[in-house]
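1. quick one: sequence plus predicted model below, questions after.
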Amino acid sequence: MASPLDEHEAARHPRNDDPHRQALKGSRPRVSAIWLGRTPTMKISCVIVSYNNGSLLEEAIMSVVRQTRPVDEIIVADDASTDGSRALIDALSQKYSNIKPIFRASNLGVSANRDLAMREACGDLITYLDGDDYFHPTKIEAEERALSQRRDVIAYSDVRWIDRRSNSVQIGRNAYFSRLEASDRVRWLLKRTRQSPAAMLLPKNVHLKVGGYNHSLRTYEDWDYILRLAAEPLVWVHSGTEGVVVHPAGGLSRQSHFRHARDELRVLRFNHEIARQHVGLPLLLATAGRLVAHHTKRGMIKWYRRTKGWT
């Protein structure tokens, strides 16, 4: 029998076959029957960050608008886009009263843009989304139900990764993460051999307690953030379903392997005290050695292919 740690699926099929994505094309939100006539006890905010996400941005925003558990506040923080995204955000904010636009005067980077928007959120609970990804319609409802009205819990769902270039799909089954204590969560995240939670629903005060996102990081900011969250003595609960569809970042794929290694090592340096307390420095050093070896190997392969004219 396979271990719960090996719960990881991979499949290939067109993105258009995703029934959740097809549901986004409806003309109006489909509110779950359990929410009709009910006033939630905790308000939920969702922060969407965008920079030149073009036509994908509307799909991201509407996936939050059409949640079966209505989101009380949708903050769309545009990071000085130049592709017309601002006009779309403004138009949608006129149509939906729960959409709050934030237009940055200059590009801050995704980490600072998201963190500042999360600090402005009015909700007791907050979640977040990139402007080229989208939520499944029941994501918020399932995660809030998992929270059971507790304020010391982080809820999350499985993640579907779609590569637009190959149209391949990978589903990260990560329910086992919720069974781990803080030290085992940190170990899981340092080893990075399995899917980590993403786009969690968490109390705003927890976000503030861990210091929010590190504004100095332009890449691997999510890894840094979740490491600090995982080290907190909190309960993590899994919603029992898929919640978010994520597309691999184009900017990361264009970055050199040297810069990948440099940025990942920065995350390890920022979190060395967490690693020392929870898992010990040997694992931290092993992680650093592994990622340097990985990127060195990939960089050499890329260099060799280039010298042979294969790319």
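-> Great, that's in hand.

2. how does this protein divide up, domain by domain?
-> 4-248, 257-307 (automatic domain parsing).

3. how far does the first one sit from the chain's center?
-> Chain-centre distance of domain 4-248: 5 Å, with CA atoms, centre = their mean, to the nearest Å.

4. quick one: mean pLDDT over it.
-> Average pLDDT, domain 4-248: 87.

5. pick the most buried one from the domains of the chain.
-> domain 4-248 (a mean of 18; mean count of other CB atoms under 10 Å). C-beta coordinates here come from the backbone N, C-alpha and C atoms, glycine included.

6. can you give me the helices for the stretch 1-150 of the chain?
-> 19-23, 56-65, 85-95, 110-120, 139-147 (DSSP state H, counting those that start in this stretch).

7. in the beta-sheet assignment, what are the partners of Asp78?
-> Going by DSSP bridges, Asp78 is paired in beta bridges with Ser50, Phe103.

8. that one contacts Ser50, doesn't it?
-> Yes: under the criterion of CB atoms under 8 Å, Asp78 makes contact with Ser50 at 5.1 Å.

9. and for these two, which residues touch both?
-> 85, 89 (CB atoms under 8 Å, 6 or more residues apart in numbering).

10. re earlier: and Pro248, which of the helices of the stretch 1-150 of the chain is closest to it?
-> Of all the helices of the stretch 1-150 of the chain, helix 56-65 sits nearest to Pro248, with 13.3 Å by CB to CB.

11. mind giving me the packing neighbours of that closest one?
-> Under the contact definition 3 or more CB pairs under 8 Å, 6 or more residues apart in numbering; DSSP states H and E, helix 56-65 sits against strand 44-50, strand 73-78, helix 85-95, strand 125-130, strand 134-135.

12. I'd like these laid out as JSON lines, including distance to Arg119.
-> Converted to JSON lines, the helices and strands packed on helix 56-65 look like this (distance: least, CB to CB, whole Å):
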{"stretch": "strand 44-50", "distance to Arg119": "10"}
{"stretch": "strand 73-78", "distance to Arg119": "10"}
{"stretch": "helix 85-95", "distance to Arg119": "19"}
{"stretch": "strand 125-130", "distance to Arg119": "10"}
{"stretch": "strand 134-135", "distance to Arg119": "22"}
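
13. for Ala146, find the nearest of the ones you listed.
-> Per CB to CB, nearest to Ala146 of those: strand 125-130, 11.6 Å.

14. which outside residues touch that closest one?
-> Contacts for strand 125-130 (CB under 8 Å, 6+ apart): 42-50, 53, 60, 63-64, 110, 114, 118, 135, 140, 143-144, 147, 199-204, 207, 244, 246.

15. and if we set it to 6 Å?
-> Residues outside strand 125-130 that contact it (CB atoms under 6 Å, 6 or more residues apart in numbering) are 42, 44-48, 60, 118, 199, 201, 203-204.

16. just the C-alphas of that strand, formatted as CSV.
-> Extracted in CSV, the C-alpha atoms of strand 125-130 (Å, rounded to 0.1, in the frame of the first residue of the first chain):
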residue,chain,number,x,y,z
LEU,A,125,-9.7,35.5,7.2
ILE,A,126,-7.7,36.1,4.1
THR,A,127,-6.6,34.1,1.0
TYR,A,128,-4.8,35.0,-2.1
LEU,A,129,-4.4,34.3,-5.8
ASP,A,130,-2.1,35.3,-8.7
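
17. picking that back up, can you tell me which of the contacts of strand 125-130 is nearest Asp222?
-> Nearest to Asp222 among the contacts of strand 125-130, with distances taken as CB to CB, is Ala199, at 9.3 Å.

18. quick one: contacts for the closest one?
-> 127-129, 244.

19. between these, which is closest to Val169?
-> Nearest to Val169 among these: Val244, at 13.4 Å, using CB to CB.

20. look at the closest one and tell me its secondary structure.
-> strand (DSSP: H, G, I helix; E, B strand; the rest coil).

21. and for Ile162?
-> Assignment for Ile162 (three-state DSSP): strand.

22. thought Asp83 was touching Asn52?
-> Yes: Asp83 is in contact with Asn52 according to CB atoms under 6 Å; the separation is 4.5 Å.

23. can you map out the strands along the stretch 151-300 of the chain?
-> 153-163, 168-172, 202-203, 235-246 (DSSP state E, counting those that start in this stretch).

24. against which helices or strands is the second one packed?
-> With contacts defined as 3 or more CB pairs under 6 Å, 6 or more residues apart in numbering; DSSP states H and E, the packing partners of strand 168-172 are strand 8-12, strand 153-163.

25. same question, the last one
-> Based on contacts counted as 3+ CB pairs under 6 Å, 6+ apart, the elements that strand 235-246 packs against are helix 139-147, strand 153-163.
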